[in-house]
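**Student:** what's the 3D shape of this:
(3 chains)
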Amino acid sequence: MLDDNRLFPADAATRAIARELFGSIRHLPIVSPHGHTEPRWYAENAAFPDPAQLLIVPDHYVNRMLVSQGIELSALGVPRRDGGPVETDGRTIWRLFAKHYYLFRGTPSRLWLDTAFEDLFGLTEPLGEKTADAYYDRIAQRLATPEFRPRALFERFNIEVIATTDSATDDLGWHKQIAASGWGGRVVPTYRPDTIVDPDKPGFLGELDKLGEMTGCDTGSWAGYLDAHWERRAYFKQMGATATDHGHPSAQTADLSEADAAALFDIVRGGKADAAQRELFRAQMLTEMARMSVEDGLVMQIHPGSWRDHAPGMFAAHGPNTGFDIPRRTDYVAALKPLLDRYGMDKRLSIILFTLDESTYARELAPLAGVYPALKLGPPWWFFDSPEGMMRFRELATETAGFYNTVGFNDDTRAFPSIPARHDVARRIDCAYLARLVAEHRLRLDEAHEVAIDLAYGLAKKAYRL
Amino acid sequence: MLDDNRLFPADAATRAIARELFGSIRHLPIVSPHGHTEPRWYAENAAFPDPAQLLIVPDHYVNRMLVSQGIELSALGVPRRDGGPVETDGRTIWRLFAKHYYLFRGTPSRLWLDTAFEDLFGLTEPLGEKTADAYYDRIAQRLATPEFRPRALFERFNIEVIATTDSATDDLGWHKQIAASGWGGRVVPTYRPDTIVDPDKPGFLGELDKLGEMTGCDTGSWAGYLDAHWERRAYFKQMGATATDHGHPSAQTADLSEADAAALFDIVRGGKADAAQRELFRAQMLTEMARMSVEDGLVMQIHPGSWRDHAPGMFAAHGPNTGFDIPRRTDYVAALKPLLDRYGMDKRLSIILFTLDESTYARELAPLAGVYPALKLGPPWWFFDSPEGMMRFRELATETAGFYNTVGFNDDTRAFPSIPARHDVARRIDCAYLARLVAEHRLRLDEAHEVAIDLAYGLAKKAYRL
Amino acid sequence: MLDDNRLFPADAATRAIARELFGSIRHLPIVSPHGHTEPRWYAENAAFPDPAQLLIVPDHYVNRMLVSQGIELSALGVPRRDGGPVETDGRTIWRLFAKHYYLFRGTPSRLWLDTAFEDLFGLTEPLGEKTADAYYDRIAQRLATPEFRPRALFERFNIEVIATTDSATDDLGWHKQIAASGWGGRVVPTYRPDTIVDPDKPGFLGELDKLGEMTGCDTGSWAGYLDAHWERRAYFKQMGATATDHGHPSAQTADLSEADAAALFDIVRGGKADAAQRELFRAQMLTEMARMSVEDGLVMQIHPGSWRDHAPGMFAAHGPNTGFDIPRRTDYVAALKPLLDRYGMDKRLSIILFTLDESTYARELAPLAGVYPALKLGPPWWFFDSPEGMMRFRELATETAGFYNTVGFNDDTRAFPSIPARHDVARRIDCAYLARLVAEHRLRLDEAHEVAIDLAYGLAKKAYRL
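**Tutor:** Residues are numbered from 1 along each chain as shown, chains lettered A, B, ... in the order given. Below is the predicted model:
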């Protein structure tokens, strides 16, 4: 199913350049500085469950496409919050998926899945209704072998380091267990404080209580609350973290006076904040996080612009992360200004910006990252982590931001078996882009080789301080 | 003038794939589920008027380009509302057009016109000042023959079915006449209630009166007004309609309580609604139309985002549809939420979304249609019904929405002779896009063949329930 | 370093067409209707200063990229407003630049610089740390020769006419000196009244006083203020100006009554205008400028949408134009309506629109320029004056606006040695675009030749009335 020239430009001369570039980077180690794999996997090193539970049930890209064509999440085995019945038979779910696999034509999910099917499971006939059972059996059989346990795959995938994403109130127990196990794989946590900085998160006030208990700080006061952040950040850092991550509805920042911030915290802490105050608190907290990053050196990631849980009925039935998060128009130029006015020129700070609004690449993000030392551009995110999306990013951002204000690739996935496929797609597309520059005599071949290595490996290590 | 490889990629290998794909679909019947041809043409089957009256005077794409270069609408024969003098000599208008034909270089109008000139009228010398008269004579001569009457062209074009767009208060007399004539061509109406749901339309209140008279319903009350919609929809459906169409300034929807909706109707009916209330009424009516569609199965089309009649002086002089409608930024994610919260997961409902704001394809429309069962994406509309526009649509929407949340092509035209040319362009571009996917090993050739047929034929029939 | 096929498509057949088209236009004279070279250069015809002072210190594209990677503006020799110390040694600055030249990979600056290095200074080894001194010496040596004085370069560059951009209160002394010198080079001023129409400009009120003194008009009253504009415009026109230029934060226009405008002027003149009133005054002044252009025939340029001096700390330290201007989302359809309602159909008026928001090309700008006789589209501006940016412009605008509602190329630069390189890039990209149209049989080769000449030469002369 996989052609070795896949994703390279059709033009023969350009393709030859792309192949040459790719040849020198395809086997570089994987650096995965942002993603959502479970530290528990590496800690316990248990066999993965059946093919459907591994590849379909938790994959919101897969779920959403099937739902769009009238398939119920329950039929895909996605749990209900009320504990109501959902399909639990892996083979039944797999058959349903296989029957509708044609829906994924032209999508990145198709590329990732086919690559995993062939490279990892040795499947070479296309997936469809007729081959569904053979696929299921082969995958199930391999998942049961020691070679397909998480640590073995980690090593087979040639992962040099992988970052997980962890709540600020997570005790990092699995990370401790990994460290204690003597296993050589490098798995580092990432400080994600959304549940303690976003008053709109369910259970926010309880999280602040828990934060107080964990740290011994008085999270009833602004000063104590900030102290608790310092504590947790230091702990995450001690456990290997090099970065924080912030998933906010917008990129809004603020730079309140100490007194105003403390007063706002009191309102928020009392559960009395209105929508504008909740937004202002999130905004202020981005600036506070930047201030702390200046001190402790944790790289800051901002992932704004997703309208989470757009369909309330689906959220009520199945909870978050089932495919109903929708991008919105996002402003950066005004939104980031308060933070940038304070810290934008500080060379100790590194903020990696992501977007779900591609119209900002050339208009806002590249011009900002192309001048502020504190800003870098994250790779194409989520819906844009795709061949066309990656190509647009390079075409839209490079002329203003160059390559060296970008940070390499993030696989950003919890679909562990797809990690090599995702890096493979990114490396191929970057080589395709560089090949075009070389073919059009906009870049020398020797430079393209250097850039290809940086995009595949060097920039991620450097930008994330790994 | 027409090369058989037109619109295919230049790369030889990719072009060969595109040719192969196109070869298997180029002669498929035309399904035209949305457009603006006149039912009267098929009913009366009279000869079309002179070349200028057919091809220039009513074509707002042609008018606007000539106007932009300083030519008066009057000189193009576009009637004045005050009955003032305009050019009426077809040959004079044609010569003016021919002299400025170079302005259309690089535009889709040029492609459509050249295709019609060569394929339909057998003209093979480029149109220009010197060939203007020869063109005029040839076209005029052919239009006078029986083979160029509407029904003969309909059959020659291999149109399987065509939908017209008809005011909700139209009596569908021409459609009745077509049905009664025994002619086998399938021409179906579409329910377009803009004049009775948009308080900003001229004559809105009079239209409500007329609606009351037509249906015997009390359009002075909310309940009677809704009953009248039910009546008219049933009548349109009985006459063959499978769809409704809604041209609103924005995509705003609302979900008012019964009482609030009725109270709003009273204000609107009394002619006292302010701008916000008029917008709210349109918004509520989209949700009401969705509710009715759930019941009666009419597919719903939403065409938002055009600032109609941007130049008041030109509207005063020549009325609507002369090229002065301008796109605006359009939001879908927030705007559609009230409707989607109510009906978005209902599999009985099918809403086809259009846009004049391409920045929404990847950011909003594909993510929405890629998860809500009730949503599908219409083809590139109006200014984007063009080679580059179609290619952007595929590149921006496919990775998230796939092919099967799109609905094939709409020619959306009242320029009857251009219909085959428009479908030809769409089919070629879709084959060019698919050929690239095949050449880059992102899709197998056998799959591309299936998709090509679906895009050219199958999806339109299925999506519009034709 | 320079391949003669640079920027042409890789596909051999398409490249051959592009080469053929380019061959017929590459040596056409340069028409430079908008830019920022100093009239003083042509007046004094003194040798340019050292390589760093010429090529690095004043180039905000170069500055911003280096700053983004942590280099200080002071180290680049950019003066401080407080007169504090900055690097003054040209060779030291040059070495710093050369060491970081890899940062410019993939950017237009790299193309412009390499072209100037090779074509103008005969340098063929790539610039880098090792070649820095050799570069510096060669460039310094050539700059000292008579062949590299401004007038000699002007002639060598085959510049037919160049426009400078001059404050409305500039006495045009250098222009007078050029005229008096008997030199044959055509250098014309452009009327840029930002400092006297934008109340947010530093020193605005003082500028109005100065304007009064220069013209003898009473700039304390609305009538006198308008008279002063008339005076200055007439003077600029007498000195050769054919155009005005307006750099506003937005494209907002207004059409106030005479009395309201006079009242607003009084508030603004009194220094009491709030932000909304200042915006309204700028908006009204665009319409006033249009009114005057209708009378005196000066072509009007609008450059909206830049957030100037986004970083207040950098503005305080180094002043404007050091790379900290950031684009913003820009609206045209609503913003221009007051002006268009008044003058949009007037064939005497020609307004050239620019944008830093590419999402408006297809959605707003092409539809507007494709119908209003008073509107034309300027070439891709600033961050988009680049290969990808120019190609996107053609792909996004041509299908709706055609070629003849665009105005050819602007180099828009104060980097005098880069002028031929910039026109070279634009001509190559236009030929690449045209070649694709020809290769895809969307345009005949004979037409492409005509269009290529128009884009490179004819349209600029016509649109700017040069």
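**Student:** for chain B, give me its nearest residue in the stretch 151-300 of chain A.
**Tutor:** Closest contact between the stretch 151-300 of chain A and chain B, by C-beta to the nearest C-beta, is at residue A:249 (11.9 Å). Where C-beta positions appear, they are placed from N, C-alpha and C, glycine not excepted.
**Student:** below-threshold pLDDT in the stretch 201-350 of chain A: ranges please.
**Tutor:** Applying pLDDT under 70 to the stretch 201-350 of chain A flags no residue at all.
**Student:** so which bits of it are right by chain C?
**Tutor:** A:331, A:333-334, A:337, A:340-341, A:344-345, A:347 (C-beta under 8 Å from any C-beta of the partner chain).
**Student:** leaving out chain neighbours, which residue sits closest to the residue in the stretch 151-300 of chain A that chain C sits nearest to?
**Tutor:** Closest to chain C within the stretch 151-300 of chain A is residue A:255: 11.9 Å, counting by C-beta to the nearest C-beta. Once flanking residues are discounted, residue A:255 sits nearest to residue A:338: 4.0 Å by C-beta to C-beta, 6 or more residues apart in numbering or on different chains.
**Student:** that neighbour and residue A:251, how far apart?
**Tutor:** To residue A:251, residue A:338 is 11 Å away according to C-beta to C-beta, to the nearest Å.
**Student:** ok, now residue A:112?
**Tutor:** 28 Å.
**Student:** re earlier: tally of neighbours for the residue nearest to residue A:255?
**Tutor:** Look at residue A:338: counted by other C-beta atoms under 10 Å in any protein chain shown, it has 19 neighbours.
**Student:** helix or strand for it, which one?
**Tutor:** Counting by DSSP states H and E, the element that carries residue A:338 is helix A:337-343.
**Student:** which elements pack onto that helix?
**Tutor:** Using 3 or more C-beta pairs under 8 Å, 6 or more residues apart in numbering or on different chains; DSSP states H and E, the elements in contact with helix A:337-343 are helix A:275-296.
**Student:** and the helix or strand that the helix it packs on is followed by, what does it pack onto?
**Tutor:** On the C-terminal side of helix A:275-296, the nearest following helix or strand under DSSP H and E is strand A:299-302. Under the contact criterion of 3+ C-beta pairs under 8 Å, 6+ apart, strand A:299-302 touches strand A:243-246, helix A:275-296, strand A:351-353.
**Student:** list the strands paired with strand A:299-302, with their directions.
**Tutor:** Sheet pairing of strand A:299-302 (DSSP bridges) gives strand A:243-246 (parallel), strand A:351-353 (parallel).
**Student:** my read: the residue of the stretch 151-300 of chain A closest to chain C touches residue A:340, true?
**Tutor:** No. If you go by C-beta atoms under 8 Å, residue A:255 and residue A:340 don't touch, sitting 9.6 Å apart.
**Student:** those two: which has the busier surroundings?
**Tutor:** residue A:340 (27 against 20).
**Student:** got the contact list for that one?
**Tutor:** Neighbour list for residue A:340: A:253, A:368, A:372, A:374-375, C:310-311 [criterion: C-beta atoms under 8 Å, 6 or more residues apart in numbering or on different chains].
**Student:** can you give me the strands for chain A?
**Tutor:** Under the criterion DSSP state E, chain A contains strands at A:30-32, A:159-163, A:166-167, A:187-188, A:191-192, A:243-246, A:299-302, A:306-307, A:326-327, A:351-353, A:375-377.
**Student:** and those as JSON lines, adding mean neighbour count?
**Tutor:** What follows is these, written out as JSON lines (neighbours: other C-beta atoms under 10 Å in any protein chain shown):
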{"stretch": "strand A:30-32", "mean neighbour count": "25"}
{"stretch": "strand A:159-163", "mean neighbour count": "21"}
{"stretch": "strand A:166-167", "mean neighbour count": "20"}
{"stretch": "strand A:187-188", "mean neighbour count": "24"}
{"stretch": "strand A:191-192", "mean neighbour count": "26"}
{"stretch": "strand A:243-246", "mean neighbour count": "25"}
{"stretch": "strand A:299-302", "mean neighbour count": "25"}
{"stretch": "strand A:306-307", "mean neighbour count": "20"}
{"stretch": "strand A:326-327", "mean neighbour count": "26"}
{"stretch": "strand A:351-353", "mean neighbour count": "24"}
{"stretch": "strand A:375-377", "mean neighbour count": "24"}
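**Student:** and the contacts of stretch A:128-147?
**Tutor:** Contacts of stretch A:128-147 (C-beta under 8 Å, 6+ apart): A:47-52, A:54-55, A:90-91, A:94-95, A:97-99, A:101-102, A:117, A:120-123, A:125, A:127, A:148, A:152, A:156.
**Student:** before we move on, the earlier item: by neighbour count, which of the residues of the stretch 201-350 of chain A next to chain C wins?
**Tutor:** residue A:340 leads those on contacts (other C-beta under 10 Å) with 27 neighbours.
**Student:** chain B versus that residue, what's the distance?
**Tutor:** For residue A:340, the distance to chain B equals 24 Å [C-beta to the nearest C-beta, to the nearest Å].
**Student:** same deal with residue A:460?
**Tutor:** 23 Å.
**Student:** pull the contacting residues for that residue.
**Tutor:** By C-beta under 8 Å, 6+ apart, residue A:460 lies in contact with A:31, A:33, A:407-410, A:466.
**Student:** pLDDT score for the closest residue to it other than its chain neighbours?
**Tutor:** In this structure, residue A:460 finds its nearest non-sequential neighbour in residue A:408, 3.4 Å apart by C-beta to C-beta, 6+ apart. Listed pLDDT for residue A:408 reads 98.
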